[in-house]
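sharing a model prediction with you, sequence too.
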Amino acid sequence: MPILRQIAQLGQPVLRGVAGRIADPHDPAVQSLIDDLLVTVADADGVGIAAPQVFEPLSLVIVSSHPNPRYPQAPEMEPTAMINPELLWGSDEKEPGWEGCLSIPGLRGLVPRHRRIGVRYLDRAGEVREEEYADFLARVFQHEFDHLQGTLFIDRVESSRDMVYY
C-alpha cells in the first residue's frame, strides 16, 4: 500500500546530491517508491516530483501536469514515472517562466528553460520511451531532471529580482 512521504525542504543535503541510477526497474522497492511518489505528488497538488525530494537519491521522477491553483493553465497529463531519465536535446530557444518547488514552498522564481526538449527514460514496466515535450511539460521535466543533478530552480534564476513569495 502506497505511503505519503515527507518532502525534503531546502537545506536538506539529499537535494544537493547526484541521484544514482536504478539498476532494476522491476525491483519491488522501486515499484513501491513509484507508488509512494504518485500519492505524495497528488497530495501536495504538485505537477512533478523527484525521488530525492522524498529522501531517496535515485534517478526517478514523476511528471504529473494538471491545472491547479499554482499553475491554472497547466495541460492535463497522465502521471508518468520516468526511471533513469535523460535529456537528449534542448531547443536553442529558451523561454522564461515562473517556477516553484514542493521543496521550497512559498517561493517562485523566473527561470529560463528550453522551450522544446527530447527525452528518453524507462517507464515503470522497464520499457524504453522517447518523447518530445514543449512549453509547460518541457519546463516540468527540466525542473524534475535538475533535481537528479542536485540543482534547484533557485540556482537557475538569473537575478534575485526575479524571485517572489506567494
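Structure received.

would you tell me which helix is longest in the protein?
Counting residues, the longest helix found in the chain (DSSP state H) is helix 28-43.

next SSE after that helix?
strand 48-50 (DSSP states H and E).

which residues does the most centrally placed residue in the chain contact?
Centroid check for the chain by C-alpha atoms, centre = their mean gives Glu144 as the closest residue, at 2.2 Å. By C-beta atoms under 8 Å, 6 or more residues apart in numbering, the contact set of Glu144 is 48-50, 61-63, 82, 85. Yep, even glycine has a C-beta here, placed from its N, CA and C like the rest.

how close does the closest residue to Glu144 other than its chain neighbours get to Tyr133?
Excluding the flanking residues, the one nearest Glu144 by C-beta to C-beta, 6 or more residues apart in numbering is Val61, at 3.9 Å. To Tyr133, Val61 is 13 Å away according to C-beta to C-beta, to the nearest Å.

who has more neighbours out of those two?
Between Val61 and Tyr133, counted using other C-beta atoms under 10 Å, Val61 has the larger neighbour count: 30 against 20.

what about the residue nearest to the centre of the chain, which SS state?
For Glu144, the assignment made with DSSP: H, G, I helix; E, B strand; the rest coil gives helix.

tell me the pLDDT at it?
For Glu144, the pLDDT comes out at 98.

next: Gln31.
Reported pLDDT for Gln31: 98.

that one touches Asp123, doesn't it?
No: counting by C-beta atoms under 8 Å, Gln31 stays clear of Asp123, with 11.8 Å between them.

and the helices in the chain?
28-43, 135-148, 153-156.

neighbours of Lys94, just the number please.
Quick note: Lys94 (other C-beta under 10 Å) scores 12 neighbours.

what's the closest non-adjacent residue to it?
Pro112 (4.5 Å).

that neighbour contacts Ser159, doesn't it?
No: with contact defined as C-beta under 8 Å, Pro112 does not reach Ser159; the gap is 11.1 Å.

looking at these two, which one has more neighbours?
More crowded of Pro112 and Ser159, by other C-beta under 10 Å: Pro112, with 14 against 8.

got the contact list for the residue nearest to Glu144?
Taking C-beta under 8 Å, 6+ apart, one finds 48-51, 81-82, 85, 141, 144-145, 147-148 in contact with Val61.

what's the distance between it and Glu158?
In terms of C-beta to C-beta, Val61 sits 24 Å off from Glu158.

and Ala125, by the same measure?
Taking C-beta to C-beta, one finds Ala125 at 39 Å from Glu158.
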